[in-house]
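# got a sequence here, can you build the structure:
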Amino acid sequence: MMKTVYYSERQRFNQWWVWGSAFLGPVLLFLPLLGLILSGSSYIVLLLIFILTFWLPIFLYCIHLDTEVNEYAISVKFRFFHRSWVEFKFDDIESVEACTYKPIKHYGGWGIRYGVKGKAYNVSGNEGVLINFKDGTNILIGSLNHEALQLAIEERLKP
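Prediction:
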């Protein structure tokens, strides 16, 4: 059965310091790696260093958070960490609120995080939608267009 998607968003890590850290390792290890290659070191050591230094930027590039709102639920998928969509059914939702938050203070940073304010799915920025469930729990979904996401959810919540 085909689902109608009313809102869709893809976010990637775009913080300069994340990318700076990811590329700093390869840059700093280039000369030692070149020295190991020229000295005839073990291929296993070279392969291990190569994987550890050059894999991180590729991994960061491939990670992204997909968010969709369809007629039944809000779905999130954090690529590389979720094999399938994580769904939050509209029947379980009490309310939603577009908000600005402090990622480090409230959730301990970016990613799939658990913090003092509950669980969060976020990769960049400090805006999102806080979903309050009927059972008293809440989840924050980070968004680059948090007001449009809130509107799409609220339109589906109406009876």
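# now the strands for the chain?
Taking DSSP state E to define them, one finds strands in the chain at 5-11, 65-70, 73-78, 86-89, 93-100, 111-115, 118-122, 127-133, 138-142.
# give me whichever of these is most buried.
Most buried of these, by mean neighbour count (mean count of other CB atoms under 10 Å): strand 138-142, with a mean of 23. In this view, the C-beta of every residue, glycine as well, is placed from N, C-alpha and C.
# show me what that strand is packed up against.
With contacts defined as 3 or more CB pairs under 8 Å, 6 or more residues apart in numbering; DSSP states H and E, strand 138-142 has these neighbours: helix 103-107, strand 118-122, strand 127-133.
# tell me which strands that strand pairs with, and in which orientation.
Take DSSP bridges as the rule and strand 138-142 pairs in its sheet with strand 118-122 (parallel), strand 127-133 (antiparallel).
# please save the CA atoms from it in PDB.
The C-alpha coordinates for strand 138-142 follow below in PDB (Å, rounded to 0.1, in the frame of the first residue of the first chain):
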ATOM      1  CA  ASN A 138       8.400  13.200  24.500                       C
ATOM      2  CA  ILE A 139      10.700  13.200  21.500                       C
ATOM      3  CA  LEU A 140      12.400  16.000  19.700                       C
ATOM      4  CA  ILE A 141      13.000  15.800  16.000                       C
ATOM      5  CA  GLY A 142      15.500  18.300  14.700                       C
END
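# quick check: domain ranges of this structure?
5-10+67-157, 12-62 (automatic domain parsing).
# that older thread, let's have the strands paired with strand 138-142 in TSV, adding mean pLDDT and distance to Thr100.
Formatted as TSV, those follow (pLDDT from 0 to 100; distance: least, CB to CB, whole Å):
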stretch	mean pLDDT	distance to Thr100
strand 118-122	92	12
strand 127-133	96	5
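# out of those, nearest to Asp92?
strand 127-133 (5.3 Å; CB to CB).
# contacts for the closest one?
Strand 127-133 is contacted by residues 74, 88, 92-101, 117, 120, 122, 138-144, 146, 149-150, 153 when judged by CB atoms under 8 Å, 6 or more residues apart in numbering.
# make it 7 Å
Strand 127-133 has contacts (CB atoms under 7 Å, 6 or more residues apart in numbering) with 74, 88, 92-101, 122, 138-143, 146, 149-150, 153.
# and for stretch 72-84?
Applying CB under 7 Å, 6+ apart, the contact partners of stretch 72-84 are 3, 62-68, 85-90, 112, 121, 131, 141, 153.
# burial of Asp92, as a residue count?
13 (other CB atoms under 10 Å).
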